[in-house]
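*Asks:* Curious how this folds, go ahead:
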Amino acid sequence: MELWNQCIRIKNLTSHSTDFEVHRNWLAITHSLPLDRWYVEATSEWTLDYPPFFAHFEWLLSQVARFVDPRMLEVQNLNYKSKGTVYFQRLSVIATDLVYVLGVRSCLGSLGLARGTQQHFAGSMLLLLNVGLIFVDHIHFQYNGFLFGILLLSIGFLIRKRFLWSAFAFAVLLNFKHIFLYLAPAFAVYLLRFYCLEQANVLSTAVALVKLLAVGLTPFVVSFGPFWKQLPQVFSRLFPFKRGLTHAYWAPNFWALYNTADKVASGVLKVQDGGASTTSGLVQEVRHAVLPSITPPVTFALTALFMLPILVKLFRSPKNQSPLVFLRAVVLCGCSSFVFGWHVHEKAILMVLVPLCLLTLVNREDARYAYILAVAGYFSLFPLLFDADLFIPRYSLYMSYVAMLYGQLYRIFPGFRGFHALEWLYMLGFLAIPLYEHLLSFLLHLDKRLPFLPLLLTSVYSALGVLYFFGAYYLYALGFSFGKVAIVSSSSSTSAVNIKKGKRKTK
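*Replies:* Residues are numbered from 1 along each chain as shown. As a prediction, this is how the structure comes out:
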């Protein structure tokens, strides 16, 4: 538990998130050092660990940054936070969000949602005003918006059957941020089944496969080619498997519950843990005190295993239903990696929530599950906004977004309710966490004795909602109604009808 306290003290000493310094350091590395030093430089602990396209993106930004404040581009100038640096980095996020706007427009158009319809308006609101991206990019500070823009462009191309453009865009995305690799199986299965195998004959299939491979691999050659002599070093930065099972603030997934169970068991059994703490985000191996320690191969195997059913469903889906099954496969592949992945960050939940916004627009049942995950998933991002002066913005933005989401769903699907009593009770239970954190902990004098408890409650309680969504939505996506184990024939057909209606409105 001491490492929880250390993390809290470190965060309270900083006026900006660590990611702000991460990207300032990357600006300095790519601007000041030759290319062969980018993935070797280690003056700062925040070394360059994104793929080469993102490194070149930082280099491009640095060409503008040098006119704002050249001192931010000095590698030795750690934790530099001039006013010009802050303004430049914040404005760079806003400027690159234009790619996200293009992606949103592409996806809404590909779904056949005509402008002026309630579905198009709701989609624009849910995606362009996404509270998770506001939290992670515009307050905490990262560049996820334009990355999700590329993802949405790739999805839009695929739904429009522009398969090679979709493959190219997704390959480019992987060379900006490799965490999207977890979504690759859904793209690979869809492109293989509905592009390559739909050709008229074997020769055409082979030609299509060659085209697909050429288009998909070209960005990797362009990206990694200049670093071919350093590939082992680059890959060691991209895949640092010696980091702990969980990040410093536990992502709300299966391992959050696993770690909690281990902590409780070690306390009950009075077992001392001689290994590294499971709560640390530092580069180290993790040993549990009572439960078996988890290694990277275990997490990869579980992730792949849980992706498999929806990928089989996608491969076997009829052509007229395949776009919807594909979107569900993207969501569930992302969720499988989030629930069982190695060293998952809490902000990775956006890989599930952003694509899920598209499905909320076309089917009532998808929307119902999406709302439950939105309540849990966006709340789980609160530990990123740790400063006291961010409490009011984070709560007000969160409550406004979930209220707006409910209101838009009510307009798209008149009479939208559909939650079970336990689901309502779970969602209302999130009110208890800030009540404890900001009131009861002080009244009970637990704020000093158990300073880690609000973070632990946030992680564990959110994890319950994420795992409930994962299980229930998976059964639904496979064609089973939750708790009844009965084939559902209406859900998929309803979704397809909605999209077809949207397409007729665009004509």
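*Asks:* where does the stretch 151-300 of the chain dip in pLDDT?
*Replies:* Residues of the stretch 151-300 of the chain that meet the criterion pLDDT under 70 lie in 248-249, 273-286.
*Asks:* Let me see the contact set for residue 213.
*Replies:* Going by CB atoms under 8 Å, 6 or more residues apart in numbering, residue 213 touches no other residue. To be clear about C-beta, it is placed using only N, CA and C from the backbone, and glycine gets the same treatment.
*Asks:* and it, what element?
*Replies:* Element membership of residue 213, judged by DSSP states H and E, is helix 202-224.
*Asks:* and that helix, which residues are buried?
*Replies:* 205, 208, 209, 212, 215, 216, 219, 220, 223, 224 (16 or more other CB atoms under 10 Å).
*Asks:* so how many other residues sit close to the nearest residue in space to residue 158 that is not next to it in sequence?
*Replies:* Nearest residue to residue 158 in three dimensions, chain neighbours excluded: residue 166, at 3.9 Å (CB to CB, 6 or more residues apart in numbering). For residue 166, the neighbour count with other CB atoms under 10 Å is 25.
*Asks:* so where does residue 166 fall, helix or strand?
*Replies:* With DSSP H and E as the criterion, residue 166 is inside helix 163-174.
*Asks:* Show me what counts as buried in that helix.
*Replies:* 163, 164, 165, 166, 167, 168, 169, 170, 171, 172, 173, 174.
*Asks:* Stretch 298-315 now?
*Replies:* Here stretch 298-315 shows 299, 302, 303, 306, 307, 309, 310, 311, 313, 314, 315 as buried, counting by 16+ other CB under 10 Å.
*Asks:* what sits against residue 20?
*Replies:* Taking CB under 8 Å, 6+ apart as the test, what residue 20 contacts is 81, 86, 89, 141.
*Asks:* In PyMOL, how would I select just the buried ones from the residues you listed?
*Replies:* Remark: buried members of those, expressed as a PyMOL selection using 16+ other CB under 10 Å:
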select buried, resi 86+89+141
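*Asks:* Please save the CA atoms from the helix holding residue 166 in CSV.
*Replies:* Extracted C-alpha coordinates of helix 163-174, given in CSV (Å, rounded to 0.1, in the frame of the first residue of the first chain):
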residue,chain,number,x,y,z
PHE,A,163,-11.2,-2.2,-48.4
LEU,A,164,-7.7,-1.2,-49.5
TRP,A,165,-8.1,2.3,-48.2
SER,A,166,-9.4,0.9,-44.9
ALA,A,167,-6.4,-1.5,-44.6
PHE,A,168,-4.0,1.4,-45.5
ALA,A,169,-5.5,3.7,-42.9
PHE,A,170,-5.4,1.1,-40.2
ALA,A,171,-1.8,0.2,-41.0
VAL,A,172,-0.9,3.9,-40.7
LEU,A,173,-2.7,4.0,-37.3
LEU,A,174,-0.7,1.0,-36.0
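*Asks:* Also compute the angle for that helix relative to helix 202-224, please.
*Replies:* On the basis of axes from the mean of the first three to the mean of the last three CA atoms, to 10 degrees, helix 163-174 is oriented at 30 degrees to helix 202-224.
*Asks:* what's helix 163-174 packed up against?
*Replies:* When contacts are defined as 3 or more CB pairs under 8 Å, 6 or more residues apart in numbering; DSSP states H and E, helix 163-174 sits against helix 144-159, helix 184-191, helix 202-224.
*Asks:* ok, back up a step: now tabulate the contacts of residue 20 in a markdown table and tack on pLDDT, distance to residue 460 and secondary structure.
*Replies:* Shown next, in a markdown table, are the contacts of residue 20 (pLDDT from 0 to 100; distance: CB to CB, whole Å; DSSP: H, G, I helix; E, B strand; the rest coil):
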| residue | pLDDT | distance to residue 460 | secondary structure |
| --- | --- | --- | --- |
| 81 | 90 | 34 | coil |
| 86 | 94 | 34 | helix |
| 89 | 95 | 33 | helix |
| 141 | 93 | 26 | coil |
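*Asks:* could I get the contacts of residue 20 as CSV with distance to residue 20?
*Replies:* Conversion of the contacts of residue 20 to CSV gives the following (distance: CB to CB, whole Å):
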residue, distance to residue 20
81, 8
86, 8
89, 7
141, 5
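*Asks:* Name the nearest of the contacts of residue 20 relative to residue 383.
*Replies:* Taking CB to CB as the measure, residue 383 sits nearest to residue 141 out of these, at 14.8 Å.
*Asks:* and the closest one, what does it touch?
*Replies:* Residue 141 touches 16, 17, 19, 20, 23, 89, 90, 93, counting by CB under 8 Å, 6+ apart.
*Asks:* relative to helix 184-191, how tilted is the strand or helix carrying residue 298?
*Replies:* Assigned by DSSP H and E, residue 298 belongs to helix 296-316. Per the same axes, to 10 degrees, the angle that helix 296-316 makes with helix 184-191 is 20 degrees.
*Asks:* Relative to the whole chain's centre, how far out is helix 296-316?
*Replies:* Distance, stretch centre to chain centre, for helix 296-316: 18 Å (CA atoms, centre = their mean, to the nearest Å).
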